[in-house]
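A.B. asks: Here is the input, now give the coordinates:
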Amino acid sequence: MTIISKYFFPILFGLVTLFGKSQCAIIEAPDLTQFEVEIKNIDDQALVVFDLYNTIIAPSDMILRRNAKPLFKEIDESIQNDKTFVPHHPHSDDHLKREILKNMKFEPVDPKFPKIIQELSERGVLTMAISLSNKGNFGSTEKRAGVALNHLAQVGLDFKKSFLESQAPVFEKPYSSAVFKDGVLFAPKMQKGKILAEFLKKMNLQPSKIIFMDNNLKSVESVDSEMKSLGIDTLCFHYTQAETLPFRADETIAEFQIRNLRQSAEWISDEEARNVHKSERNALIVAVGSKSGVKVKSTQNALEKENVIITPCPARSHVQDQPLTEEETKLGALNRAKDCLAKTDAEIAFGLESGVFFQDDEVYLCNWGVLIDRNDKMYVTNSPNILLPKEFKDDLLSGKPLKDIIHDFTGMQTEDNNTCAIALFTNHSFSREKQFTEIVKTLWEQYHYFKSQEEP
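C.D. replies: Numbering: from 1, shown residues only. Down below sits the predicted model:
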């Protein structure tokens, strides 16, 4: 290493600290609106930094969400005070916390995060994350890194594209336990601004601008203060959307999960706990013609209080991806339900399908649902049709996907070809999830009514 390269960056950091003038600001961000505006305007010399937990990812299990902590504590204390409860193998609280963290499921705080991070990477913008935590929760920093990277992988988040593995810095005291792996900086609890500054120094980075996002205000203030002292333009987002995530913890299911944790030192998800709990009560097995997404969620919403085990099934519709008539849409739903029964042991199956149809000069979005049972009894219903702009007609007839038409119409990118349309053209009063939930509820009640009429 030459003398120039050896001392260039320490000298640069010193000069910036003494003479640099930076523009730094903290923005309160209850959602991603302002953040999305700002990242559109940065160049490829900028650095975007995210916090992990309760910033970009949050627990899927309701009882593990932040707002449910008091309920978790209350249930846990009740179990431990139960004199009839004897765990198979008693474990320390730290051990049980590690078991939860290794096995819990996560979801993005906002569904847009995977696409945002991917697009930043494709633009060549350096993108990374920082995660600080107590040693007792995970063990060594390397072990904590492995657990956290698994959590990110669950939701399709990947930061390693911005940094080569060979670029991993080696830190000295007091940061010697910090580890940089796959684009994520892991360290024990400390001031986030200090560890970020040390990272920049070790990596010889002088970004044109830093955009930082964290749900913790102290961390935001720490980064704002430290980057200001380094003369780096920084925009810090105090991002609090995780605080508004719904948490409707089913106390029966939560008690089952926590009791199982204390009993067997194993954490099971909401879905696993619900299925095990219901299977013990001779639940009805129900299949739904989708592996994930809004159709499964709608079925879960509709049958939340019913004694059922919901089995997602990758069923085929055997119609075109964008059905262009009501009959074709209805047929797609029927085919999905039939395919479910053929592929599973379910006693009944739901098929759900979205499409469009044309009436006179108008264009409508429609949703249809079908329920069939092992006796070939079939129940059919649909949701209110949604009027679409007339100018969509030619594009739809030419085979252009509705999601692309919506993108051209609004300038917004959507993964779902109907969700955005339903919300947009009903003044955000309805959603695809709400419509499918009502369809499933209606089919379920029809099924039970006519079944009751057949019983002697």
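A.B. asks: Now do the strands in the stretch 1-150 of the chain.
C.D. replies: 24-29, 47-51, 57-59, 106-108, 126-133 (DSSP state E, counting those that start in this stretch).
A.B. asks: mind checking which of the ones you listed is nearest residue 350?
C.D. replies: Minimum separation from residue 350 across the strands of the stretch 1-150 of the chain (Cβ to Cβ) falls at strand 106-108, 22.8 Å. From N, CA and C alone the C-beta is placed, and that goes for glycine too.
A.B. asks: Quickly run through the sheet partners of the closest one, with directions.
C.D. replies: strand 57-59 (antiparallel) (DSSP bridges).
A.B. asks: residues contacting residue 116?
C.D. replies: Contacts for residue 116 were tallied using Cβ atoms under 8 Å, 6 or more residues apart in numbering; they are 32, 36, 39.
A.B. asks: repeat that with 10 Å
C.D. replies: Residues in contact with residue 116 (Cβ atoms under 10 Å, 6 or more residues apart in numbering) are 32, 35, 36, 39, 48, 50, 56, 108, 110, 127, 157.
A.B. asks: Give me the ChimeraX select line for the residues you listed, limited to the buried ones.
C.D. replies: Only the buried entries of the contacts of residue 116 go into this ChimeraX selection, using 16 or more other Cβ atoms under 10 Å:
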select :32,35,39,48,50,56,108,110,127,157
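A.B. asks: Nearest to residue 274 among the contacts of residue 116?
C.D. replies: Of all the contacts of residue 116, residue 274 sits closest to residue 108, with 22.0 Å by Cβ to Cβ.
A.B. asks: can you pull the contacts of the spatially closest residue to the closest one that is not a sequence neighbour?
C.D. replies: The shortest distance from residue 108 to any non-neighbouring residue, by Cβ to Cβ, 6 or more residues apart in numbering, is to residue 155 (5.1 Å). Residues in contact with residue 155, defined by Cβ under 10 Å, 6+ apart, are 56, 57, 58, 60, 105, 106, 107, 108, 109, 111, 113, 114.
A.B. asks: quick one: which of those has the most company?
C.D. replies: residue 56 (26 neighbours; other Cβ atoms under 10 Å).
A.B. asks: Quick check: phi and psi on the closest residue to residue 178 other than its chain neighbours?
C.D. replies: Leaving aside its chain neighbours, residue 178 sits nearest to residue 187 (4.0 Å; criterion: Cβ to Cβ, 6+ apart). Torsion angles at residue 187 (phi, psi; degrees, to the nearest 10) stand at phi -160, psi 160.
A.B. asks: Hmm, residue 187 is touching residue 198, no?
C.D. replies: Yes: assessed by Cβ atoms under 10 Å, residue 187 is found in contact with residue 198 at 9.2 Å.
A.B. asks: Mutual contacts of these two, please.
C.D. replies: 171, 175, 178.
A.B. asks: how many other residues sit next to the second one?
C.D. replies: What that stands for is residue 175. Neighbour tally, residue 175, other Cβ under 10 Å: 19.
A.B. asks: Which of the three states applies to it?
C.D. replies: Classification of residue 175 using DSSP: H, G, I helix; E, B strand; the rest coil returns coil.
A.B. asks: and residue 195, how far is that from residue 168?
C.D. replies: Residue 195 is 15 Å from residue 168, where distance means Cβ to Cβ, to the nearest Å.
A.B. asks: that older thread, nearest to residue 77 among the shared contacts of residue 187 and residue 198?
C.D. replies: Nearest to residue 77 among the shared contacts of residue 187 and residue 198, with distances taken as Cβ to Cβ, is residue 178, at 35.7 Å.
A.B. asks: where exactly do the helices run in the stretch 101-250 of the chain?
C.D. replies: 113-122, 135-138, 141-154, 192-202, 217-230 (DSSP state H, counting those that start in this stretch).
A.B. asks: Of all the residues in the last one, which ones are buried?
C.D. replies: Of the residues in helix 217-230, those scored as buried under the neighbour-count criterion (16+ other Cβ under 10 Å) are 219, 220, 221, 222, 223, 224, 226, 227, 228, 230.
A.B. asks: And the first one, by the same measure?
C.D. replies: Residues of helix 113-122 classed as buried by neighbour count (16+ other Cβ under 10 Å): 113, 114, 116, 117, 120, 121.
A.B. asks: so who does the second one touch?
C.D. replies: Meaning residue 114. Residue 114 neighbours (Cβ under 10 Å, 6+ apart): 56, 108, 152, 155, 156, 157, 158, 415.
A.B. asks: Give me the neighbour count for the third one.
C.D. replies: If you count neighbours by other Cβ under 10 Å, residue 152 ends up with 24.
A.B. asks: Distance check, the residue nearest to residue 108 against residue 450.
C.D. replies: Counting by Cβ to Cβ - residue 155 and residue 450 are separated by 41 Å.
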